[in-house]
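*Asks:* Take this sequence and fold it.
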Amino acid sequence: MVQLAVNVVQLTQTKAFGNRQTAEIRSCQPDAQSSLLQPKPLYRLQPATDKTMEIQTKDYTIQYDHATQTVTCCGSFRLSQMEEYAPIVELLNAVTDSSPNTITLDLRKLEFLNSSVINIVSKFVIKVRQQKNIQIAVKGSKLIPWQGKSLKNLQRLMPSLHLELE
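*Replies:* Residues are numbered from 1 along each chain as shown. Presented below is the predicted three-dimensional model:
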């Protein structure tokens, strides 16, 4: 593998779960012995079980449960580089590509997200809208200030989006 940049993204697909994907983002760190860049894993998008996909980091967790067609996000998205968003985009694309009837996006435990993640969520809603056969419901929390204002804007992108603030 040729490393042309400091960050390397490796994506692989498995056949066991249709569009289930595994993505790993590696940050290259200098190796003290050889002075070459050696990849160091940062995150993993991996199937948690036959019915779920999950990304887990120290700051956030995203899980897709195929049985309930629910994407659950918890924690805080404070990512600084675009390469760090690749697993999130891959998981959301895999969900959309599986063409469920309804997708529930549960953000009730998502405390913070920056503008880049708002952009990713917006593109996800647009992709769902373009499918025309998929409905989307977004669950948010009134207790988290950014959600009331920002999540309502998703309805502008997809008027049929069902927003539920608890």
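
*Asks:* The strand or helix carrying Ala86 - contacts with which helices or strands?
*Replies:* Using DSSP states H and E, Ala86 sits within helix 86-97. Secondary-structure packing of helix 86-97 (3 or more CB pairs under 8 Å, 6 or more residues apart in numbering; DSSP states H and E): strand 7-13, strand 21-30, strand 37-49, strand 52-56, strand 60-65, strand 70-77, helix 115-131. From N, CA and C alone the C-beta is placed, and that goes for glycine too.

*Asks:* Dump it to PDB, restricted to CA.
*Replies:* Provided in PDB are the C-alpha atoms of helix 86-97 (Å, rounded to 0.1, in the frame of the first residue of the first chain):
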ATOM      1  CA  ALA A  86     -15.500   8.500   6.600                       C
ATOM      2  CA  PRO A  87     -16.800   5.700   8.900                       C
ATOM      3  CA  ILE A  88     -19.900   7.800   9.800                       C
ATOM      4  CA  VAL A  89     -20.700   8.400   6.100                       C
ATOM      5  CA  GLU A  90     -20.100   4.800   5.300                       C
ATOM      6  CA  LEU A  91     -22.500   3.600   8.000                       C
ATOM      7  CA  LEU A  92     -25.200   6.000   6.900                       C
ATOM      8  CA  ASN A  93     -24.700   5.100   3.200                       C
ATOM      9  CA  ALA A  94     -25.000   1.400   4.100                       C
ATOM     10  CA  VAL A  95     -28.200   2.100   6.000                       C
ATOM     11  CA  THR A  96     -29.700   4.000   3.000                       C
ATOM     12  CA  ASP A  97     -28.400   1.400   0.500                       C
END
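
*Asks:* And it, what's buried?
*Replies:* By neighbour count on 16 or more other CB atoms under 10 Å, the buried set for helix 86-97 is 86-88, 90-92, 94-96.

*Asks:* Could you verify that Ala67 is part of a strand?
*Replies:* No. Counting by DSSP: H, G, I helix; E, B strand; the rest coil, one finds Ala67 to be coil, located in no strand.

*Asks:* ok, it to Ser122 distance?
*Replies:* 27 Å (CB to CB, to the nearest Å).

*Asks:* out of those two, which sits in the more crowded spot?
*Replies:* When neighbours are counted by other CB atoms under 10 Å, Ser122 comes out ahead of the other of Ala67 and Ser122, with 16 against 9.

*Asks:* which residues sit in contact with the more buried one?
*Replies:* By CB atoms under 8 Å, 6 or more residues apart in numbering, the contact set of Ser122 is 153-154, 157.

*Asks:* Many thanks, we can stop here.
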